[in-house]
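Engineer: what would the 3D arrangement of this be:
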Amino acid sequence: MLDKIRKMLGVKDLPEEVTPLYRGARNEREALVLLKEARRRDESRRRRAMADLEELDRAEEELLEEGKGESISESRKLMLARRIKEIRWKMQELNNRIENIYNKRLKVLNEHVASLETILELTSEALPDKKTMEDMAIKAKQLLEDLDKTKELAEGIALAPETAQPDDEEKEILREMERPAPETEPVREKASEKKEEVRPVREKERKAEVPTREKEPPEIMFEE
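Structural biologist: Numbering: from 1, shown residues only. Below you'll find the predicted structure:
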């Protein structure tokens, strides 16, 4: 079947994403059904991964805002930083999976589905019945499960053991949580301090500015 597909498509080699599907099909119609089932499954997985990304992004934002609170303790901040680090790792894993697995595989599947559809349109071969299509869909799922074992060995995130001191990534997250002190408050304090400092000086200046009246000598009364 693989040699026949290569000749039909005019290629020397078939991508590894579709080779198991062609190998499991008895004819071109079955191969087309298997390809479409594989595409449907990958599209569903990609949608779930993108929805998970949105949820993780919201969770990261909420934890980061909590870490910026003024009354939060340092131990709580460190715990939040470690949780944010886990979330960012998971987001990176999902992005890599979407880009390097789902998008790549969907591109190949779309190309082969379009090619087979074009070729089969030129033939008069009848479509398989419903029972045959259901059996092929089950076969496609089994083939894709075997393929996923080699593509997605690391499903979860291996959590790093907690240490007493934050690592570099956690330190960077903690720095993100540090809210810069408002510039207006210290300015007001300085202004008030300056007023307090200036006030006694001005009072002294005022006292100095007011001329002291010298005592006039008493009038001498001359007796006539």
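Engineer: run through the protein and note the low-pLDDT ranges.
Structural biologist: Low-confidence regions of the chain, defined by pLDDT under 70, span residues 122-130, 133-134, 136-137, 139-164, 179-224.
Engineer: contact partners for the closest residue to Leu80 other than its chain neighbours?
Structural biologist: When the adjacent residues along the chain are set aside, Leu80 lies closest to Gly67, with 4.5 Å between them (Cβ to Cβ, 6 or more residues apart in numbering). No exception for glycine: its C-beta is placed from N, CA and C like everyone else's. With contacts defined as Cβ atoms under 8 Å, 6 or more residues apart in numbering, the neighbours of Gly67 are Arg76, Lys77, Leu80, Ala81, Ile84, Ile173, Leu174, Glu176, Met177.
Engineer: secondary structure element holding the third one?
Structural biologist: Here Leu80, judged by DSSP states H and E, is contained in helix 74-97.
Engineer: circling back: whichever of the contacts of Gly67 end up buried, select them in ChimeraX.
Structural biologist: Selecting only the buried entries of these in ChimeraX, with 16 or more other Cβ atoms under 10 Å as the criterion:
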select :77,80,81,84,173,174,177
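Engineer: tell me the two of the contacts of Gly67 that are most distant?
Structural biologist: Of all pairs drawn from the contacts of Gly67, the one with the longest distance (Cβ to Cβ) is Arg76 and Glu176, at 15.1 Å.
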